[in-house]
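Trainee: any chance you could fold what I've pasted below:
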Amino acid sequence: MKRAPWPWDRTVLEDPASATTAVLVSRKSRRTLALPARCVEVLWQHWEDQGWDRLAAGDAWEEHGLVFASAVGKEADSSHVRRAFRTAIKGADGVDAGDWTPRELRHSFVSLLSDRGVPLEEISRLVGHSSTAVTEEVYRKQIRPVVQTGAVVMDGIFKQDPKP
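Mentor: Purely as a prediction, here's the structure:
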């Protein structure tokens with residue numbers, strides 16, 4: 001499914017420390033999402049960097065008002081996004097950049113929120129699913145602390161001395 005480009009005019013960047021910053025996800029969904037303060041800081045920096053890109057491109061720049069644009073302001077195609085994503089995560093410890101795609105961030109988001117106790121209904125609403133079924137069956141993956149729960153209990157059971 002092709003996603004619509006993310007325009008700056010649907011992005012409200014207030015004070016970087018503000019928890020009220022919101023992004024309109026799509027005109028159809030008519031919902032806004034608050035962004036974590038760290039994301040707001042990064043978007044402010046990206047906006048500034050894009051200004052420098054605009055100057056460097058000179059007459060080649062085509063203004064489309066996009067948050068994520070090519071080096072000349074056009075809509076970034078999916079291969080460009082994947083390449084930029086892999087470059088960004090290249091130095092992360094324990095991550096093989098070739099094994100990851102931007103889409104996996106959505107799965108990680110769902111899994112991390114679930115691991116932190118956010119109700120599945122709320123997570124589904126945040127990612128735009130009409131029900132919890134897709135969120136639970138496709139996106140949510142168990143993370144290590146959840147998997148360890150059974151092992152911890154079983155260790156407690158088997159540590160008991162079976163001798164009379």
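Trainee: run through the strands of this structure in chain order.
Mentor: Counting by DSSP state E, the chain has these strands, from start to end: 11-12, 22-24, 32-34.
Trainee: now the second one: average pLDDT?
Mentor: Averaged over strand 22-24, pLDDT sits at 58.
Trainee: do the first one as well
Mentor: For strand 11-12, the mean pLDDT works out to 77.
Trainee: tell me the helices and strands packed up against it.
Mentor: Using 3 or more CB pairs under 8 Å, 6 or more residues apart in numbering; DSSP states H and E as the contact test, the elements touching strand 11-12 are strand 22-24. To be clear about C-beta, it is placed using only N, CA and C from the backbone, and glycine gets the same treatment.
Trainee: below-threshold pLDDT in the chain: ranges please.
Mentor: Under the criterion pLDDT under 70, the flagged ranges of the chain are 1-4, 14-30, 142-148, 160-164.
Trainee: now do the domain split for the protein, please.
Mentor: What automatic domain parsing lists as the domains of the chain is 1-76, 96-150.
Trainee: out of these, which gets nearest to residue 89?
Mentor: The closest approach between residue 89 and any of the domains of the chain, judged by CB to CB, belongs to domain 96-150 at 5.1 Å.
Trainee: need the distance between the two termini of the closest one.
Mentor: The first and final residues of domain 96-150 sit 29 Å from each other (CA to CA, to the nearest Å).
Trainee: nearest to residue 158, of the domains of the chain?
Mentor: Taking CB to CB as the criterion, residue 158 comes closest to domain 96-150 out of the domains of the chain, the separation being 12.3 Å.
Trainee: how far away is residue 47 from residue 159?
Mentor: As judged by CB to CB, to the nearest Å, residue 47 and residue 159 stand 56 Å apart.
Trainee: switch the domains of the chain over to a markdown table; also include distance to residue 88 and mean neighbour count.
Mentor: A markdown table is the format used below for these (distance: least, CB to CB, whole Å; neighbours: other CB atoms under 10 Å):
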| stretch | distance to residue 88 | mean neighbour count |
| --- | --- | --- |
| domain 1-76 | 11 | 13 |
| domain 96-150 | 8 | 14 |
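Trainee: TSV please, covering those and showing distance to residue 82.
Mentor: Formatted as TSV, these follow (distance: least, CB to CB, whole Å):
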stretch	distance to residue 82
domain 1-76	10
domain 96-150	6
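Trainee: residue 86 is nearest to which of those domains?
Mentor: Short answer: domain 96-150, nearest of the domains of the chain by CB to CB, at 4.2 Å.
Trainee: report the central residue of the chain.
Mentor: residue 105 (4.7 Å; CA atoms, centre = their mean).
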